[in-house]
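# got a predicted structure here, sequence first:
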Amino acid sequence: MALHMIQKDFTVYVPAFRATSPIDLICIHNDTQDVVYLDSKSDKQRIVKGRANPSRIHRVRTQAQKKLGVYIAYVTRRGAISFSPKLPKHLKDLMDVDF
């Protein structure tokens, strides 16, 4: 996730103050100075009995994450990234993602 953000012209900081921080990455765009707080998660799926397709295991943001405006970034094994909640259009454009 950090590499993707660096490639999209963000400076990336990793908070080191606590092991259980609500934020994994602090990303600041080098041109626009937009700040994005990310909690990076591996995109895991489960097969629900009676359904044909597997479904994502959604993580719920904590109260602290909601208050801070943290986005959960789900990263697949193939490197595809999706966000929860959905990114505003200007951030989608900066990050060059279609999700």
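Yep, it's here.
# please make it C-alpha for all contacts and neighbour counts, starting now.
Noted.
# work out for me the element residue 66 sits within.
Assigned by DSSP states H and E, residue 66 belongs to helix 63-68.
# so what strands line up beside the helix or strand following that helix?
Proceeding N to C from helix 63-68, the next assigned helix or strand is strand 71-75, under DSSP H and E. Pairing partners of strand 71-75, with direction, according to DSSP bridges: strand 35-42 (parallel), strand 81-84 (antiparallel).
# next, format these as CSV and append mean pLDDT.
Formatted as CSV, the strands paired with strand 71-75 follow (pLDDT from 0 to 100):
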stretch, mean pLDDT
strand 35-42, 92
strand 81-84, 90
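# which one of these lies nearest to residue 4?
Closest approach to residue 4 among the strands paired with strand 71-75 is made by strand 81-84 (9.4 Å; Cα to Cα).
# buried ones in that closest one?
Under the neighbour-count criterion of 16 or more other Cα atoms under 10 Å, strand 81-84 has 81, 82, 83, 84 buried.
# is residue 20 within a helix or a strand, and which one?
Judged by DSSP H and E, residue 20 forms part of no helix or strand.
# which residue of the protein sits farthest from its center?
Farthest-out residue of the chain from its mean C-alpha position, per Cα atoms, centre = their mean: residue 50, at 29.9 Å.
# so for that residue, what's the pLDDT?
Residue 50 is assigned 79 on the pLDDT scale.
# how near is it to residue 74?
Per Cα to Cα, to the nearest Å, residue 50 is found 25 Å from residue 74.
# likewise residue 32?
24 Å.
# the two: which is more packed in?
residue 74 (22 against 10; other Cα atoms under 10 Å).
# OK, contacts around the more buried one?
By Cα atoms under 8 Å, 6 or more residues apart in numbering, the contact list for residue 74 reads 40, 41, 42, 43, 81, 82, 83, 84.
# quick check: the two most widely separated of those residues?
Comparing all pairs in the contacts of residue 74 by Cα to Cα, the longest separation belongs to 42 and 84, at 13.0 Å.
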